[in-house]
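Novice: structure for the following, please:
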Amino acid sequence: MKKLAVVAIGGNAVNRPGEKPTAENMLKNLSETAKYIVNMIDEYDVAITHGNGPQVGNLLVQQEIAKDKIPPFPIDVNDAQTQGSLGYMIAQSIRNQLKAIGKDMEISAVVTQIIVDKNDPAFQNPTKPVGPFYTEEEAKMLEKEKGWKIVEDAGRGWRRVVPSPKPLDIVEKDVIKLLMKNDVMVIAAGGGGIPVIVEDNKLKGVEAVIDKDRASALLAKEVDADILIILTGVEKVYLNFGKEDQKALDKITTTEAKKFLQEGHFPKGSMGPKIEAAIDFVESTGKECLITDMSVLDKALRGETGTRIIKG
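Specialist: The predicted structure is shown next:
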C-alpha cells in the first residue's frame with residue numbers, strides 16, 4: 001500500500017525571485033517542479049496544493065490599470081481564476097513529465113472553496129497586503145469610496161490589506177476524496193482556497209486571503225494523509241536563521257516547535273505559518289510533517305535532510 005502525501009509547493013516553484021511573471025517562465029519552473037513530484041509516485045499517492053499570492057496580486061494590478069474599461073473583480077473571484085490557471089499549468093506539467101518517463105495517471109485540478117467563519121477576528125483586523133501600491137492621496141480616497149483598509153507598506157507606498165481568516169472546512173472535500181480513492185492525482189486548495197462564508201444556508205465569497213499552508217494542513221487532515229510535506233526555499237528549518245549562530249533542525253516535537261515559535265524564531269511573513277500548519281496537522285493526526293526544499297525532496301523523504309515535526 002502506498003502512503004498518502006499532501007505536498008504544498010511554494011512560490012519559488014512557480015516564479016523565481018526577480019524573474020518576470022510570464023506564463024512561459026511559470027511553465028518552465030513548474031516543469032522542473034513536476035520532476036520532483038513525479039519521483040514520489042511509486043511510493044506515495046499525492047495531493048498537491050500551491051500558493052497564488054503573486055498571481056492574484058498581478059491580476060489586481062492589471063484590473064486597476066483597466067478599471068475605467070472593465071470593473072475589477074473581487075478577490076474571491078480572482079482566487080478562482082488563479083486556481084484555474086495554475087491548476088492547468090501544474091496538471092499539464094506533471095502529465096508531460098509522466099509521459100517523458102513512460103508513465104501515465106489521471107490528474108485533476110479542483111477549484112476549491114474553503115469555509116471560514118464570518119465572525120473570525122481576522123475580519124476586524126485585516127493584515128494581509130494585496131494588490132498594487134497607491135499614493136497616500138489615492139489610499140484615502142479608496143478607503144472612503146470602497147471601505148478598504150489601506151496601510152503604509154515599508155516606505156514603498158500605500159497598500160490594501162485584507163483579512164486572513166482560519167480555514168474551517170472544504171466544500172469539495174468529498175469530491176477530492178472520491179478522486180483520490182480512484183487513483184487520481186488531485187491539485188486542490190490552491191492559494192489557500194477561495195474563502196467563503198455560510199449565510200442563510202448559502203455560500204458567499206468574501207474579500208479575504210487564506211494562508212495556503214494552513215489550508216494544506218486542513219486538506220491533509222480531511223484526506224487522512226500519512227504526511228504533510230511543505231516545500232519552501234530552504235533545505236531545513238533554522239533557529240536564528242541568517243545569523244552567525246543559526247542552527248539547522250533535523251527533527252523537532254510539536255512542543256519544541258511551539259516554544260521556538262513563541263521565542264520569535266519563525267517570522268509571521270515566512271516560516272511562521274508553515275510551523276503553525278505543521279503543529280496543527282501533527283497534533284490533530286499523530287502523523288508527521290516534513291519541511292524542505294524541493295530540490296532535495298528525494299533525500300528528505302529518505303530521512304537524509306529536511307526538518308521533520310513529530311508529535312510530542
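
Novice: tell me how many other residues surround residue 158.
Specialist: Neighbour count of residue 158, defined by other CB atoms under 10 Å: 19. (C-beta placed from N, C-alpha, C; glycine too.)

Novice: residues in contact with it?
Specialist: 133-136, 138-139, 150-152 (CB atoms under 8 Å, 6 or more residues apart in numbering).

Novice: identify the residue spatially nearest to it, adjacent ones excluded.
Specialist: Using CB to CB, 6 or more residues apart in numbering and skipping residues adjacent in sequence, the residue nearest residue 158 is residue 139, 3.6 Å away.

Novice: helices along the chain, start to end?
Specialist: Using DSSP state H, the helices of the chain run over 23-38, 53-65, 75-100, 136-146, 173-181, 212-222, 254-262, 272-285, 297-301.

Novice: the inter-axis angle of the second one versus helix 23-38?
Specialist: Going back to what we said before, that points to helix 53-65. Helix 53-65 and helix 23-38 are oriented at 160 degrees to each other (axes from the mean of the first three to the mean of the last three CA atoms, to 10 degrees).

Novice: what inclination does helix 53-65 have with respect to helix 212-222?
Specialist: Counting by the same axes, to 10 degrees, helix 53-65 lies at 130 degrees to helix 212-222.

Novice: which elements pack onto helix 53-65?
Specialist: helix 75-100, strand 128-134 (3 or more CB pairs under 8 Å, 6 or more residues apart in numbering; DSSP states H and E).

Novice: same check on the shortest one?
Specialist: Contacting helix 297-301 under the criterion 3+ CB pairs under 8 Å, 6+ apart are the following elements: strand 288-293.

Novice: one more: the longest one?
Specialist: With contacts defined as 3+ CB pairs under 8 Å, 6+ apart, the secondary structure elements packing on helix 75-100 are helix 23-38, strand 44-50, helix 53-65, strand 107-109, strand 185-187, strand 194-199.

Novice: so how far is it off the chain centroid?
Specialist: When C-alpha coordinates are averaged (CA atoms, centre = their mean, to the nearest Å), helix 75-100 and its chain have centres 14 Å apart.

Novice: the fourth one too?
Specialist: Taking CA atoms, centre = their mean, the mean C-alpha location of helix 136-146 is offset from the chain mean by 30 Å.

Novice: any chance of the helices and strands packed on helix 53-65 in a markdown table, with distance to residue 297, mean pLDDT and mean neighbour count too?
Specialist: A markdown table is the format used below for the helices and strands packed on helix 53-65 (distance: least, CB to CB, whole Å; pLDDT from 0 to 100; neighbours: other CB atoms under 10 Å):
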| stretch | distance to residue 297 | mean pLDDT | mean neighbour count |
| --- | --- | --- | --- |
| helix 75-100 | 14 | 96 | 19 |
| strand 128-134 | 28 | 84 | 19 |
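
Novice: now residue 226: closest residue in space that isn't a chain neighbour?
Specialist: Using CB to CB, 6+ apart, the closest residue to residue 226 is residue 3 (4.1 Å).

Novice: beta partners of residue 248?
Specialist: Counting by DSSP bridges, residue 248 forms beta bridges with residue 238.
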